[in-house]
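[1] What would the 3D arrangement of this be:
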Amino acid sequence: MESKIWYSIFNTKDYDHIEGLLYIQPYTMCSLEHTIKSTIDSFNSNHVWEDMWTMDIAKKRLQNGHDLFLGVDLEGSLAHVWFDKNYLYNAYVNPRRESGYGVKFIQACLNFIEHDNIKLYCDDWNIGAQKLFEKVGFLKESTYI
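    Numbers count the residues shown, from 1 in each chain. Prediction:
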């Protein structure tokens, strides 16, 4: 049985900004649909996960007030992450990114989130995600089965 490990961080909103960070809003989604599709394709080419979100799910999430951030460069997608108020979820960092990019990306996104206390969970088997979020500055809160 999988356990969930919860993390939280006090959001100082005082992180470095990075090039290629896109903050997707419902009104910008149409013009950036190709870029959003590219991050979905990037994830799907590196992982098999039946719960991966789709363009239709992205549209619904954005209409419901969720925030989507993408990291891109000239070659395409580098990362994505979703926020629902103070809850961070569905983070992905492309394996082709440079070392340390995932930390910079998540921190840069936090600058745009109005909430002071951000929470997330990682599945206990996802050691890579746990290490990433701990490098960002998230602190482990608890584990639930």
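[2] which element is K59 on?
    K59 belongs to helix 55-63 when elements are defined using DSSP states H and E.
[3] Partner strands of whichever helix or strand comes after that helix, with direction?
    Where DSSP H and E defines the elements, the next helix or strand beyond helix 55-63 is strand 67-73. Next to strand 67-73 in the sheet, as set by DSSP bridges, lie strand 21-24 (antiparallel), strand 76-84 (antiparallel).
[4] Give me the mean pLDDT for strand 67-73.
    Mean pLDDT, strand 67-73: 97.
[5] List the residues that contact F69.
    If you count contacts by CB atoms under 8 Å, 6 or more residues apart in numbering, F69 has them with 21-24, 79-83, 105, 109, 112. For the C-beta atoms, the positions are set from N, CA and C on the backbone; glycine is no exception.
[6] If we ignore the residues flanking it in sequence, what's nearest it?
    With CB to CB, 6 or more residues apart in numbering as the criterion, F69 has its nearest non-adjacent residue at 4.4 Å, and that residue is C109.
[7] what does the helix or strand hosting that neighbour contact?
    Using DSSP H and E, C109 falls within helix 101-110. The set of residues external to helix 101-110 that reach it, using CB under 8 Å, 6+ apart, is 9, 11-13, 15-18, 21, 23, 69, 71, 78-79, 81, 83, 88, 91, 93, 118, 132-133, 135-137.
[8] Would you point out which residue is most central in the chain?
    With distances taken as CA atoms, centre = their mean, V81 lies nearest the centre of the chain, 1.7 Å away.
[9] Can you tell me the number of residues neighbouring the closest residue to that one other than its chain neighbours?
    With CB to CB, 6+ apart as the criterion, V81 has its nearest non-adjacent residue at 4.3 Å, and that residue is A91. For A91, the count of nearby residues is 21 (other CB atoms under 10 Å).
[10] thought A91 was touching A129?
    Yes. Using CB atoms under 8 Å, A91 makes contact with A129 at a distance of 7.0 Å.
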